[in-house]
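[1] Dropping the sequence and predicted coords here.
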Amino acid sequence: MGLLSASDEAVLRQHLAAIDTPVSLLLFTQTIGGSESGPVAKQVLDEIAALNDKITVVEKNFVLDTGDRTTYGVEREPSIVVLRNGEDTRMRFLGAPTGYEFVPLVEAVLLAGTGKVELEPESEQKLAAVTTPTNIKVFSTPT
Amino acid sequence: MAFSNPNITATSIEATELMDLSRRFRVTGVPKTVVNDSIEIVGALPEPDFIEMALQSPDGPKG
């Protein structure tokens, strides 16, 4: 049984129709001894990917894919790394992206797939001035 | 923000699932934003205010 209703799918399909660049969602999970939310995260990503043929889900093994873990700085699972045309967008999701995390995930996919940043020009100017590594963590909950 | 600047990484964290991180960063309400493990922003702010708070120096305003 899908997580999205038919009407939700229709709305999302239309919302994601603007994507013109391939988006890869790298999903790091651990099958044995890992988080129970790994399969949930996969289902969420699969349902999003089914809405646009430019979105693909690439499964990574949290234990075995050490090279990719190092490349993308993945330390927890399930983790989602968003790539735009194979390049890291530096957008990450930890835990199954359900509930309130779902919309930010969809927007991250849309951003990666269109490249259209919807920030105020003044905000973009301030962001452009950041020259040191900056990590932003945003905590949310499913409900 | 992360998309706009290669120096920035943004991570969305499911607070009830990653309880150790929630405890570490004293997450008692969401959304909560933590920048460089030091600057904390609780709740949702208008974009200009959020950007200003997120990019402030952890040592506080200078001058």
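    Done, it's in.

[2] For residue A:138, give its distance to residue A:34.
    Using CB to CB, to the nearest Å, residue A:138 is found at 23 Å from residue A:34. (Glycine included, C-beta is placed from N, CA and C.)

[3] between these two, which one's more packed in?
    residue A:138 (19 against 16; other CB atoms under 10 Å in any protein chain shown).

[4] Tell me the secondary structure of the more buried one, please.
    strand (DSSP: H, G, I helix; E, B strand; the rest coil).

[5] Assess the claim that it and residue B:12 are in contact.
    Yes. Counting by CB atoms under 8 Å, residue A:138 does reach residue B:12; the two are 5.1 Å apart.

[6] Which residues are in contact with each of these two?
    residue A:104 (CB atoms under 8 Å, 6 or more residues apart in numbering or on different chains).

[7] Who is residue A:82 paired with across the strands?
    When assigned by DSSP bridges, residue A:82 has beta-bridge partners residue A:25.

[8] hang on, it packs against residue A:22?
    No. Using CB under 8 Å as the test, residue A:82 is too far from residue A:22 to be in contact (11.6 Å).

[9] and the residue of chain A nearest chain B?
    Using CB to the nearest CB, the point where chain A gets nearest to chain B is residue A:95, with a distance of 2.8 Å.

[10] Please, which helix or strand holds residue B:9?
    In this assignment (DSSP states H and E), residue B:9 forms part of strand B:8-14.
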